[in-house]
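>>> Got a predicted structure plus its sequence, pasted below:
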Amino acid sequence: MSATARAPVGLAPDLPTPPRLLFVTGEYPPMRGGVGDYTHILSRTMAELGASCSVITSRAARLGGPPAPLDPEVRPTMPSWGWRDLPLLLRAVDDVRPDVLHVQYQTGAFGMGLAPNLLFPVLSRRPSRPLLAVTFHDVKEPYLFPKAGPARRWANLAVRGWADLVYVTNGHDLAAVDGPARVLPIGSNITRVPLAPEAPREARARLGLGDTDFALGFFGFVDEWKGVDALVDAAEQLWADGRPLTLVFVGGARAGGEPSWPPYERAVRARLEQSTGRGRVVWTGFADPVETSARLQALDAIALPFVEGACYRHGSLMAAIEHGLPIVTTQPDARERALEAHGIAPLADGENALLVPTRDSAALASAVGRLIDYGALRAAIGAGALRLAPQFGWERIARTSLAAYDELRAARR
């Protein structure tokens, strides 16, 4: 059983009576996407604490099976998210009549549409309205019309300006959001599942890995901003040096299969097919969360060379921390390090990760080589990553949110 599928525990005695919550999100399982997974896990965790949750999302989420215990009421109502869809969205909100409406905002998940941006200004004019909350999973501006210019910036200001509660998940977005915001990091969408002692070795065998193979993982979709080309450069350097490295791409299977691969992914795959290490590359494909957790635990280390530096907005990094993996990633910039002032411990080179400059494949290869050579270093980095995990725990995220809702609802009363 997945660690997220626990029995309900009823109302937590140290929390106020939870309100009726409505989440609005552009994606939700079975749609594949980090914001959808985030909303699913958060709503289930809040249900464990006694909250009643509903979700308004896209019609593509209708393909799911029967709800599991603690799952929210899901309303896959929206055919799209353009400004013409706003009346439908308002009717769906009115049907639920929530105490708190919380938008999980990511521009791409809403198809660059404007309906979520207009929702708060309209609701705020009503004499009786829910508490309005938003979590910015990014602060990219939606598309309005050609040459929209400053009007696109207004679209996100409308969300932030009319919200009673504004969260960002990372230092990059904290620096970019226009106005005050609270910081609440995301958790891992893949919960670490406790395994029997022999299970990681069995998972390695399912992936075709031998006992002497050093399994270096990459988790998630192959996108340019994740620096996968630098990872391939580093792997080729290590293969040229005769290192027993196997590159394991965990997950990252796009719903449309090969026809949906973007040009960058096609180029990476073609390059690996022609590489001297082509027999040492594993593509795992999609799996359920339990098997994905087992695959992550089968790795010896993970490399996440983000082009703009490591950032706590990335679910793949959160999963690596959750699983206590030895992490090699790129150095966070000053925006991310500023989170320490908000009580969020940063990545620290040699303590909970090995940090290398961005786009530096030689430094990346050197760091991975150190992990291959020194088992004690792997153990220390993995243990350090695991010590970071509690600050990204789902119960902490849920309790923080519920307490903030109650604080602001009391102030309004």
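Cool, got the structure.
>>> C-alpha from now on. contacts and neighbour counts both.
Noted.
>>> So what's the residue count around residue 118?
The tally of other residues near residue 118 (other C-alpha atoms under 10 Å) stands at 18.
>>> Let me see the ranges of the strands in the stretch 301-413 of the chain.
Defined through DSSP state E, counting those that start in this stretch, the strands belonging to the stretch 301-413 of the chain, from first to last, are 301-304, 327-330, 354-356.
>>> What pLDDT is listed against residue 128?
Reading off the confidence values, residue 128 has pLDDT 89.
>>> Enumerate every residue touching the spatially closest residue to residue 321 that is not a sequence neighbour.
With sequence-adjacent residues excluded and distances taken as C-alpha to C-alpha, 6 or more residues apart in numbering, residue 321 is closest to residue 385, at 5.0 Å. Contacts for residue 385 (C-alpha atoms under 8 Å, 6 or more residues apart in numbering) come out as 320, 321, 322, 324, 325, 326, 327, 351, 352, 353.
>>> try it again with 6 Å
With C-alpha atoms under 6 Å, 6 or more residues apart in numbering as the criterion, the residues that contact residue 385 are 321, 324, 352.
>>> Most neighbours of all those, which one?
Going through the contacts of residue 385 with other C-alpha under 10 Å as the criterion, the one with the most neighbours is residue 321, at 27 neighbours.
>>> Distance check, that one against residue 359.
Distance check for residue 321 against residue 359: by C-alpha to C-alpha, to the nearest Å, it reads 22 Å.
>>> Can you pull the poorly scored residue ranges out of this protein?
For the chain, residues meeting the criterion pLDDT under 70 lie at 1-18, 64, 142-153.
>>> what residue lies at the spatial centre of it?
Nearest residue to the geometric centre of the chain (C-alpha atoms, centre = their mean): residue 315, 3.1 Å.
>>> Apart from its neighbours in sequence, what residue is nearest it?
If the residues on either side of it in the chain are set aside, residue 315 comes closest to residue 188, at 5.9 Å by C-alpha to C-alpha, 6+ apart.
>>> any idea how far the residue nearest to residue 321 is from residue 341?
Separation of residue 385 from residue 341 (C-alpha to C-alpha): 20 Å.
>>> Which parts of the chain are strands?
When assigned using DSSP state E, the strands of the chain occupy the ranges 20-25, 52-58, 73-78, 100-105, 131-136, 165-168, 182-183, 214-219, 245-250, 281-283, 301-304, 327-330, 354-356.
>>> helices and strands around the third one, which ones?
Put plainly, it is strand 73-78. Based on contacts counted as 3 or more C-alpha pairs under 6 Å, 6 or more residues apart in numbering; DSSP states H and E, the elements that strand 73-78 packs against are strand 52-58.
>>> so what strands line up beside the strand it packs on?
strand 20-25 (parallel), strand 73-78 (parallel) (DSSP bridges).
>>> Deepest-packed of the ones you listed, please.
With neighbours taken as mean count of other C-alpha atoms under 10 Å, the strands paired with strand 52-58 reach their highest mean count in strand 20-25, at a mean of 23.
>>> Run through who's touching that strand.
Residues outside strand 20-25 that contact it (C-alpha under 6 Å, 6+ apart): 52-57, 98-104.
>>> Identify the farthest-apart pair in the residues you listed.
When the contacts of strand 20-25 are compared pair by pair using C-alpha to C-alpha, the farthest-apart members prove to be 57 and 99, with a separation of 18.2 Å.
>>> Looking at those two, which has the bigger crowd around it?
residue 57 (27 against 17).
>>> residue contacts, the more buried one?
Shown here is residue 57, whose contacts under the criterion C-alpha under 6 Å, 6+ apart are 25, 26, 76.
>>> Name the nearest residue to it, ignoring sequence neighbours.
residue 76 (4.8 Å).
>>> quick one, what contacts residue 208?
Counted by C-alpha under 6 Å, 6+ apart, residue 208 has zero contacts.
>>> do residue 324 as well
Neighbouring residues of residue 324 by C-alpha under 6 Å, 6+ apart: 382, 385, 386.
>>> Which parts of this structure are helices?
Shown for the chain, the helices assigned by DSSP state H span residues 34-48, 86-96, 115-123, 150-162, 171-176, 199-206, 228-240, 263-274, 289-297, 315-322, 334-337, 361-373, 375-388, 394-412.
>>> Determine the set of other helices and strands touching the second one.
When you say that, I think you mean helix 86-96. Counting contacts by 3+ C-alpha pairs under 6 Å, 6+ apart, there are no secondary-structure elements packed against helix 86-96.
>>> how about the CA coordinates for that helix, as PDB?
Extracted as PDB, the C-alpha positions of helix 86-96 are listed here (Å, rounded to 0.1, in the frame of the first residue of the first chain):
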ATOM      1  CA  LEU A  86     -15.400  32.300 -16.500                       C
ATOM      2  CA  PRO A  87     -19.200  32.100 -16.100                       C
ATOM      3  CA  LEU A  88     -18.900  28.300 -16.000                       C
ATOM      4  CA  LEU A  89     -16.200  28.500 -13.400                       C
ATOM      5  CA  LEU A  90     -18.300  30.800 -11.300                       C
ATOM      6  CA  ARG A  91     -21.300  28.500 -11.500                       C
ATOM      7  CA  ALA A  92     -19.100  25.600 -10.400                       C
ATOM      8  CA  VAL A  93     -17.800  27.600  -7.400                       C
ATOM      9  CA  ASP A  94     -21.300  28.500  -6.500                       C
ATOM     10  CA  ASP A  95     -22.400  24.900  -6.500                       C
ATOM     11  CA  VAL A  96     -19.700  24.000  -3.900                       C
END
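>>> Now do it against strand 52-58, angle only.
Angle, helix 86-96 to strand 52-58, by axes from the mean of the first three to the mean of the last three C-alpha atoms, to 10 degrees: 160 degrees.
>>> Counting neighbours, which bits of helix 86-96 end up buried?
Of the residues in helix 86-96, those buried by neighbour count under the rule 16 or more other C-alpha atoms under 10 Å are 86, 89, 92, 93, 96.
>>> give the contact list for the second one.
With contact set as C-alpha under 6 Å, 6+ apart, residue 89 has no partners.
>>> how about a cut-off of 8 Å?
Listed by C-alpha under 8 Å, 6+ apart, the contact partners of residue 89 are 77, 78, 115.
>>> now the end-to-end length of stretch 326-333.
Using C-alpha to C-alpha, the two ends of stretch 326-333 sit 21 Å apart.
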